[in-house]
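Asks: Here is my input, please return the structure:
(2 chains)
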Amino acid sequence: MPPAPRFRRYDWGKGQDWLTSLGPEDGRSILIVPPLFEELNRTRKLLSDLMRALAGRGIGAHLPELPGTGESETILADANWDDWKAAVAAASNVCDAGAVVAVRGGCLLDTAHQGEKTLRFAPVEGKRLIRDLVRSRSVTDKAFDAEAQKAVFVTGPTMLGGYPIGAELACAVRDAEPRSGSSVTVVRLEGDRGEADSHIAGAPLWRRAEPTGDPALSGALADNIAAWLS
Amino acid sequence: MASEGAIEVEETLRAVLVDVLGLDAGDVAEFDENTELFGAIPELDSMAVAGLLTEIEDRLGIWIEDDEFEAEMLESFGNLLAFAREKALH
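Replies: Purely as a prediction, here's the structure:
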């Protein structure tokens, strides 16, 4: 029998959202800060495969839903960047994992600046993330012209990758960069030009319109995380 | 004879097509400049275009402005390669 996930609520101040946990309840564990928006949908399989792979290596993993995403009762258009930062900090307190693994846009929200031991997988600048979302819509929707693209950051909310994103949140993501911290380790895919402490082989599943999992990639990432933790 | 840089751009493009579209590496290795892309490869539909362009930008370290992007670019592997080489090497 594969291990069953456990669900609980965590309180981030203005609301409560779900935290999914898998793997041993005592012993080593990590908090995962997931990718944002459309990349979150595209990496769900990668993240669930990763959590199972970590459980198989005796490592617990906790995955929070951010306010306004998934089963959240918060309306995304009402959620702002500070809410998301508060949510990650609150989830970190609740699961008391002591180590954080942030993926893609999640690296913009991780708690590395607070000194938490953090591994960033394929970190991305906010401006590249939001630009990709805007481009995704502009190539399929002719009415989404230059003026409409500017409005993303001024009026909003704008539907981007299936999410209604408010102007304040869009601006905050656009201006966000992974915050430095002395306790940060960076892992990237081979072929990624950014600075990294190590690389693993695999394809950027967050770019695929029809995402699939990749057991070799999730296994390699779990191995990397296990070595980093020990 | 293509320069080292030109060969590197070509190899990067093939890798991006494999990774982003989930194509078979052996098939993509046989693409030549006349191989049709958009409209001929089912995996490359309008939903996949943005991810493909962004990944090309990331791996080549280039920035493609919206007004630089034209549909002809994706008509054939040769067109895409010519565009990428122009951006990356000039």
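Asks: Now do the contacts for residue 37.
Replies: Defaulting to chain A. A:105, A:129, A:133, A:160-161, A:163, A:165 (CB atoms under 8 Å, 6 or more residues apart in numbering or on different chains). In this view, the C-beta of every residue, glycine as well, is placed from N, C-alpha and C.
Asks: My question was about chain B, not that one.
Replies: Shown in contact with B:L37 (CB under 8 Å, 6+ apart): B:44, B:74-77, B:80.
Asks: cutoff 6 Å now
Replies: By CB atoms under 6 Å, 6 or more residues apart in numbering or on different chains, the contact list for B:L37 reads B:44, B:74.
Asks: Next, it: phi, psi?
Replies: phi -110, psi -90 (degrees, to the nearest 10).
Asks: quick one: it from B:V18, how far?
Replies: According to CB to CB, to the nearest Å, B:L37 stands 13 Å off from B:V18.
Asks: So what touches the helix or strand hosting A:L31?
Replies: Per DSSP states H and E, A:L31 falls inside strand A:29-33. With contacts defined as CB under 6 Å, 6+ apart, strand A:29-33 is touched by A:60-63, A:88, A:92, A:95, A:97, A:99-102, A:106, A:109-110.
Asks: Over to stretch A:196-205?
Replies: Applying CB under 6 Å, 6+ apart, the contact partners of stretch A:196-205 are A:46, A:185-190, A:211, A:214, A:217, A:220, B:19.
Asks: what's the span of that stretch, first residue to last?
Replies: Start-to-end span of stretch A:196-205 (CA to CA, to the nearest Å) is 19 Å.
Asks: out of the contacts of strand A:29-33, which touch chain B?
Replies: Applying CB under 6 Å from any CB of the partner chain, the subset of the contacts of strand A:29-33 adjacent to chain B is empty.
Asks: Drop anything exposed from the residues you listed.
Replies: Taking 16 or more other CB atoms under 10 Å in any protein chain shown as the criterion, what is buried in the contacts of strand A:29-33 is A:60-63, A:88, A:92, A:95, A:97, A:99-102, A:106, A:109-110.
Asks: Let me know the closest of the residues you listed to B:E86.
Replies: Of all the buried ones among the contacts of strand A:29-33, A:G106 has the smallest distance to B:E86: 34.8 Å, by CB to CB.
Asks: before we move on, the earlier item: now do the next helix or strand after the strand holding A:L31: everything it contacts.
Replies: With elements assigned by DSSP H and E, the helix or strand that comes after strand A:29-33 is helix A:38-42. Under the criterion CB under 6 Å, 6+ apart, residues A:34, A:104, A:161, A:206, A:211 lie in contact with helix A:38-42.
Asks: What residues does the first one make contact with?
Replies: Yep, that's A:P34 we're talking about. Applying CB under 6 Å, 6+ apart, the residues near A:P34 are A:40, A:106.
Asks: does the helix or strand of chain B with the lowest mean pLDDT come close to chain A?
Replies: Using mean pLDDT, DSSP states H and E, helix B:46-60 stands out as the lowest-scoring helix or strand of chain B, at a mean of 90. Yes - with CB under 6 Å from any CB as the criterion, chain A is reached by helix B:46-60 at B:46-51, B:54-55, B:59.
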